[in-house]
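Chemist: got a predicted structure plus its sequence, pasted below:
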Number of protein chains: 4
Amino acid sequence: MAISLRKARTIMRKTFEKGREMELKPLSVVVLDAGGHVQAFEREDGAAPGRFAIAHGKAYGAVMLGMAGSAQMARAEQQAYFMAAVNGVYGGQVIPVPGGVLLRDKKGAVIGAVGVTGDTSDNDAVAALAGIEAAGLIGEA
Amino acid sequence: MAISLRKARTIMRKTFEKGREMELKPLSVVVLDAGGHVQAFEREDGAAPGRFAIAHGKAYGAVMLGMAGSAQMARAEQQAYFMAAVNGVYGGQVIPVPGGVLLRDKKGAVIGAVGVTGDTSDNDAVAALAGIEAAGLIGEA
Amino acid sequence: MAISLRKARTIMRKTFEKGREMELKPLSVVVLDAGGHVQAFEREDGAAPGRFAIAHGKAYGAVMLGMAGSAQMARAEQQAYFMAAVNGVYGGQVIPVPGGVLLRDKKGAVIGAVGVTGDTSDNDAVAALAGIEAAGLIGEA
Amino acid sequence: MAISLRKARTIMRKTFEKGREMELKPLSVVVLDAGGHVQAFEREDGAAPGRFAIAHGKAYGAVMLGMAGSAQMARAEQQAYFMAAVNGVYGGQVIPVPGGVLLRDKKGAVIGAVGVTGDTSDNDAVAALAGIEAAGLIGEA
C-alpha cells in the first residue's frame, strides 16, 4: 500500500488545521513514502525558510530506521554518539526528535512517515497525528 | 512579494491539470521562494521516487543564478565545464535544463521558481508555464 | 522588505565603530538576506583568516531556523544532539551562539540576519545590535 | 603586504562604478586575501541570491592555483578533466572563467584575488580590473 498524493494532501491540510486550532506557530509538513522519498511538502506562510530540511530530517530518520521520533530521541538521550553515528551513515539527514511520525498500514507495515516542524517537538507530533488520523491512517509518534 | 502557500498550491494543481490534458507522464512540481527554499512540492502517483531532487534542481539553479532552465541549458551546451563548476559551488544541486522556470513579479524581480519533471524537459516547461499563468504570475522558462 | 546594500554597509560600519568604542578585538560582520544568502561581509584588519565562516554560521542558523543566536545556544545547552542534527541537515553551516542576530521589519517578519565574530559571543552581539539600530532596523539577539 | 579592508572597499566601490558606467547587470564582488580567505564581499541590489558562491569560486581558484580566470578557462577548454579534478581536490569551490583576477604587489607576489560576477565573464573581468587599478594595485585577469 502506497501513500497516494490524495492522502498526503489530506495529512498536510489536517495537520495545519490542528495547528491553527492549537494556536501553534506556522508549521511545515512533509510526507515521505516507504522508501523515504518525498511525496509532498507544504510550508505555511510565515514559517522560517529552512523548515523543509527539519521536517524532512524528522520523517527520514523514522522511515530509514523504522523508529518514530520519540524512540529516536530516547536513544539519543541514552547514547548520543550512536545517533550521531547513524547520522553519519545517512548523510546527516536525521533529526531524532518528536514530530517524525511513522505511517503504518492495518497489518503494521511501515508505508511512510510524516515530519512536522514549527512549534515545540511535542506539539508538532500532536498536529501530525491529527493529520494522519484524518486521512484514515495509523501513526506512531 | 512572496509566493503564498495558496499560490503555490494553485501552481501545482494547474501544472498537473495541464499534464493530464497533454497526456504527459506523471509529473512532480516544486515551488521555491526567492531564496531558493522549498515552499511546496507534490509528486503525482506513479512518478519515480527520486523526482523531488530533479524538480528541486531545476528550480534551484534558476533562483540561485537568476537564469531560467533554457538559458542554463544554452550555457551548458556552450561551456559544459562552467555549468559543472557552478554545480560544484552549489553543492551539486543544479539541473540545467528546461522545466526550471523563474517566477517574476510585475516589476521583473525574481520572487521564486517552479521546477517540473516527469516528461520531456520541454513538456515539463510547458506544463509549468500553464500552472504559473493560472496562478496569475509571470513565468520565464 | 529587502536589506539594501546601503543598509548592509551601515550595519557593518556601525558594528565596527561600536567594537572600537568597546575596545573589542577586530571584528568580522556578515549581512544575510531573508533567504540566508550573503549580501555583504567585511573583516577588520588583524582578524583571523577563518572569520567569514564563523560570522556566516551565526547568521545562517538564525535565518534558517528563525531563531536568534541566544535561543539557539539555549537549545544546544538543553539538547546538544538536536542542534548537532540540525547542523547535519544544514550542511554543517550553523554556529549556535550569540552574535547571530535576526533582522525583523516593523511587522515582525524576518528580513535577514547579521553575524558578528571576533570577541566574546556576548560582546559580538552587543556590537551587532548597535550596528542594526544605527541602520534603523530591529534586531533580535 | 596584506590587502587592507580599506583597499578592499575601494576595489568593490570602483568595480561597481565601472559596472554602472558600462551599463552592466548588477554585480557582486569578493576580495580574498593571500590565503584565499574572504576579506570583503558586496552584492548589488537586484543581483541573484547565489552570487556570493560564483564570485568566490572565481577568486578562490585564482589564489589557490596562482592562475587568473582566463588562464584557468584556457586550461579547462584544453583539458576539461584536469580542471574538474582540480575542483575535486578544492572541494568543488573553483569557477574557472574570467572575472577571477589575481592581485599582485609591485614585486609580482600574489597578495590575493578579486572575483566579480553578474554580467558576461569578460565584462566582469573589465570591471574588476578597473576597481583594482583605482585601489593602486596590479591585477592579472
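Modeler: Happy to help now that I have it. Keep in mind it's a predicted model, so treat the numbers as computed, not measured.
Chemist: which residue is nearest the middle of chain A?
Modeler: With distances taken as CA atoms, centre = their mean, the residue of chain A nearest its centroid is A:G115 (1.8 Å).
Chemist: report pLDDT for that residue.
Modeler: Looking at A:G115, its pLDDT stands at 98.
Chemist: ok, stretch A:117-129 near chain B or not?
Modeler: No. Contact of stretch A:117-129 with chain B (CB under 8 Å from any CB of the partner chain) is absent, the minimum separation being 12.6 Å. Heads up, the C-betas are built off the backbone N, CA and C, glycines and all.
Chemist: quick one: contacts of that stretch?
Modeler: Contacts to stretch A:117-129, defined as CB atoms under 8 Å, 6 or more residues apart in numbering or on different chains, come from residues A:11, A:15-16, A:18-19, A:22, A:24-29, A:44, A:47, A:51, A:54-55, A:58, A:69-70, A:73, A:97-99, A:101, A:114-116, A:139, A:141.
Chemist: ok, of the residues you listed, which come out buried?
Modeler: Buried members of these, scored by 16 or more other CB atoms under 10 Å in any protein chain shown, are A:11, A:15-16, A:18-19, A:24-29, A:44, A:47, A:51, A:54-55, A:58, A:69-70, A:73, A:97-99, A:101, A:114-116, A:139, A:141.
Chemist: mind listing what's buried along the lengthiest helix in chain A?
Modeler: Counting by DSSP state H, the longest helix found in chain A is helix A:5-21. For helix A:5-21, burial by neighbour count (16+ other CB under 10 Å) applies to A:5, A:7-16, A:18-19.
Chemist: go on, stretch A:113-126?
Modeler: A:113-119, A:121, A:123-126.
Chemist: can you pull out the helices in chain A?
Modeler: Listed in chain order, the helices found in chain A under DSSP H are A:5-21, A:51-65, A:69-78, A:80-89, A:121-134.
Chemist: now the ones you listed as TSV including distance to C:A62 and mean pLDDT?
Modeler: Below are those laid out as TSV (distance: least, CB to CB, whole Å; pLDDT from 0 to 100):
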stretch	distance to C:A62	mean pLDDT
helix A:5-21	23	98
helix A:51-65	14	98
helix A:69-78	24	97
helix A:80-89	22	95
helix A:121-134	20	98
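Chemist: out of these, flag the one nearest D:A40.
Modeler: Across the helices of chain A, D:A40 has its closest neighbour in helix A:51-65 (29.4 Å, CB to CB).
Chemist: and the gap between the residue lying farthest from the centre of chain A and chain D?
Modeler: Of all residues in chain A, A:Y81 has its C-alpha farthest from the mean position, at 22.4 Å, by CA atoms, centre = their mean. Counting by CB to the nearest CB, to the nearest Å, the separation of A:Y81 from chain D is 26 Å.
Chemist: tally of neighbours for A:Y90?
Modeler: 16 (other CB atoms under 10 Å in any protein chain shown).
Chemist: contacts only, for it.
Modeler: Applying CB under 8 Å, 6+ apart, we find A:Y90 in contact with A:60-61, A:64.
Chemist: between those residues, which sits nearest chain B?
Modeler: Nearest to chain B among those: A:Y60, at 11.7 Å, using CB to the nearest CB.
Chemist: hang on, that closest one packs against A:G36?
Modeler: Yes. At 5.4 Å, A:Y60 and A:G36 qualify as touching, with contact defined as CB atoms under 8 Å.
Chemist: need the overlap of contacts for these two.
Modeler: Residues touching both A:Y60 and A:G36 (CB under 8 Å, 6+ apart): A:A113.
Chemist: the more surrounded of those two?
Modeler: Per other CB under 10 Å, whichever of A:Y60 and A:G36 has more neighbours is A:Y60, with 25 against 18.
Chemist: excluding its backbone neighbours, what's nearest the residue in chain A positioned nearest to chain D?
Modeler: At 11.0 Å from chain D, A:P49 is the closest residue in chain A, using CB to the nearest CB. Using CB to CB, 6 or more residues apart in numbering or on different chains and skipping residues adjacent in sequence, the residue nearest A:P49 is B:H37, 3.9 Å away.
Chemist: from what I can see that neighbour touches A:F52, true?
Modeler: Yes. Using CB under 8 Å, B:H37 makes contact with A:F52 at a distance of 6.6 Å.
Chemist: the two: who's more crowded?
Modeler: Per other CB under 10 Å, whichever of B:H37 and A:F52 has more neighbours is A:F52, with 27 against 23.
Chemist: hang on, A:A130 packs against A:T15?
Modeler: Yes. Contact criterion CB under 8 Å: A:A130 and A:T15 qualify, at 6.5 Å.
Chemist: list the contacts for A:F16?
Modeler: Going by CB under 8 Å, 6+ apart, A:F16 touches A:27, A:29, A:42, A:44, A:127, A:131.
Chemist: and the fourth one, how close does it get to C:A48?
Modeler: Between A:E44 and C:A48 the distance, using CB to CB, to the nearest Å, works out to 41 Å.
Chemist: burial measure for the closest residue to A:G92 other than its chain neighbours, as a count.
Modeler: In space, and not counting its chain neighbours, A:G92 is closest to C:G88: 3.1 Å by CB to CB, 6+ apart. Residues lying near C:G88 (other CB under 10 Å) number 21.
Chemist: and the top strand by length along chain A with helix A:5-21, angle?
Modeler: Counting residues, the longest strand found in chain A (DSSP state E) is strand A:110-117. Relative orientation of strand A:110-117 versus helix A:5-21 (axes from the mean of the first three to the mean of the last three CA atoms, to 10 degrees): 30 degrees.
Chemist: now the angle from strand A:110-117 to helix A:121-134?
Modeler: Using the same axes, to 10 degrees: strand A:110-117 against helix A:121-134 is 130 degrees.
Chemist: what's the angle from strand A:110-117 to helix C:51-65?
Modeler: Strand A:110-117 and helix C:51-65 are oriented at 110 degrees to each other (the same axes, to 10 degrees).
Chemist: my guess is A:T10 contacts A:L137. True?
Modeler: No. Using CB under 8 Å, A:T10 is not in contact with A:L137; the gap is 9.1 Å.
Chemist: tell me which parts of chain A are close to chain C?
Modeler: Checking chain A against chain C by CB under 8 Å from any CB, the hits are A:46-50, A:53-54, A:56-57, A:76-77, A:80, A:83-84, A:87, A:92-97.
Chemist: and for A:G57, the neighbour number?
Modeler: 29.
Chemist: show me what contacts it?
Modeler: Residues near A:G57 by CB under 8 Å, 6+ apart: A:93-95, A:100, A:115, C:85-86, C:88-89.
Chemist: next one: A:V116
Modeler: By CB under 8 Å, 6+ apart, the contact set of A:V116 is A:15, A:27-29, A:55, A:58, A:99, A:101, A:124-125, A:127-128, A:131.
Chemist: relative to B:K106, which of those is nearest.
Modeler: Nearest to B:K106 out of the contacts of A:V116 is A:S28 (CB to CB; 28.4 Å).
Chemist: which residues are in contact with the residue lying closest to the closest one once chain neighbours are set aside?
Modeler: Once flanking residues are discounted, A:S28 sits nearest to A:R51: 3.8 Å by CB to CB, 6+ apart. By CB under 8 Å, 6+ apart, A:R51 lies in contact with A:28, A:43, A:117-118.
Chemist: give me that answer again for 10 Å
Modeler: Contacts for A:R51 (CB atoms under 10 Å, 6 or more residues apart in numbering or on different chains) come out as A:26-30, A:41, A:43-44, A:115-118, B:37-39, C:64-66.
Chemist: gap between A:V30 and A:A8?
Modeler: Distance, A:V30 to A:A8, using CB to CB: 9 Å.
Chemist: again with A:H56
Modeler: According to CB to CB, A:H56 and A:A8 sit 14 Å apart.
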